[in-house]
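K.L.:
I would like the atomic coordinates for the input below:
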Amino acid sequence: MSTLTQRMIGAAKLDSATYEEVEADTTAIGQAMTVVLLSALAAGLGAAGTGVRGMVAATLAGLVGWLVWAWLAWFVGTKILPTPATKADMGELLRTVGFSASPGILRVFGFVPIFGPLIGAVASIWMLFSMVVAVRQALDYTSTLRAIAVCVVGWLVYVAIFMAVGMVLGMGLFLMGGGTRGGIFGY
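P.N.:
Here you go, the predicted structure:
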């Protein structure tokens, strides 16, 4: 069995054998969550000026995003775009998708002048490629194009969900005075 660091490196290298190992290891859910937490914390640290509140928000958003994204990938991959060989459960997607966040550790360098945003963009694209490999392996696809399709469909739904939540929360903050000076209720 590989260590967390070895698995993170393998996942970042887009090594399908690493994703297969993580998919099969039912005890790796804690490791997957650790990767997601480290990636979210790195993003928070890299966004200079977010403070403790920003770090907590980034970490919570990372965890919620991981759960939602894994469920969407599972649903789209097993219910909408399955192949005859497709067999996966939520645990498999949680583990592989969690490890696909490994390149996100690089976002800790987001504060670096000029290069920080570039590093963040490269890390995000790298995470997208990792996600495709994670989905392909977890759903037992032989086609990378099918895994890309799952990621695109899942991403569109993911964005719609988070936009709706953002609008609802934004309206709630506005009504309570968090978004404007005084808000509707004059607080």
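
K.L.:
so what secondary structure elements neighbour whatever helix or strand A123 lives in?
P.N.:
Assigned by DSSP states H and E, A123 belongs to helix 115-138. Contacts defined by 3 or more Cβ pairs under 8 Å, 6 or more residues apart in numbering; DSSP states H and E place helix 115-138 against helix 4-12, helix 16-24, helix 29-46, helix 51-75, helix 90-99, helix 144-176. The way it works is simple: take the backbone N, C-alpha and C, and place the C-beta from them, glycine included.

K.L.:
pull out the buried positions in the last one.
P.N.:
Within helix 144-176, the residues scored as buried using 16 or more other Cβ atoms under 10 Å are R146, A147, I148, A149, V150, C151, V153, G154, W155, Y158.

K.L.:
quick check: angle from the lowest-mean-pLDDT helix or strand in the chain to helix 115-138?
P.N.:
Scoring the helices and strands of the chain by mean pLDDT, DSSP states H and E places helix 144-176 at the bottom, with a mean of 82. Going by axes from the mean of the first three to the mean of the last three Cα atoms, to 10 degrees, helix 144-176 is angled at 120 degrees with respect to helix 115-138.

K.L.:
what packs against helix 144-176?
P.N.:
helix 51-75, helix 115-138.

K.L.:
re the thing from before, identify whichever of the helices and strands packed on helix 115-138 lies nearest to A138.
P.N.:
For A138, the closest of the helices and strands packed on helix 115-138 is helix 90-99, at 4.3 Å, according to Cβ to Cβ.

K.L.:
average pLDDT across that closest one?
P.N.:
Throughout helix 90-99, pLDDT has a mean value of 97.

K.L.:
nearest residue to G110 other than its sequence neighbours?
P.N.:
With Cβ to Cβ, 6 or more residues apart in numbering as the criterion, G110 has its nearest non-adjacent residue at 2.6 Å, and that residue is G46.

K.L.:
swap that for W66, sorry
P.N.:
Closest residue to W66 apart from its sequence neighbours, by Cβ to Cβ, 6+ apart: V36 at 4.6 Å.
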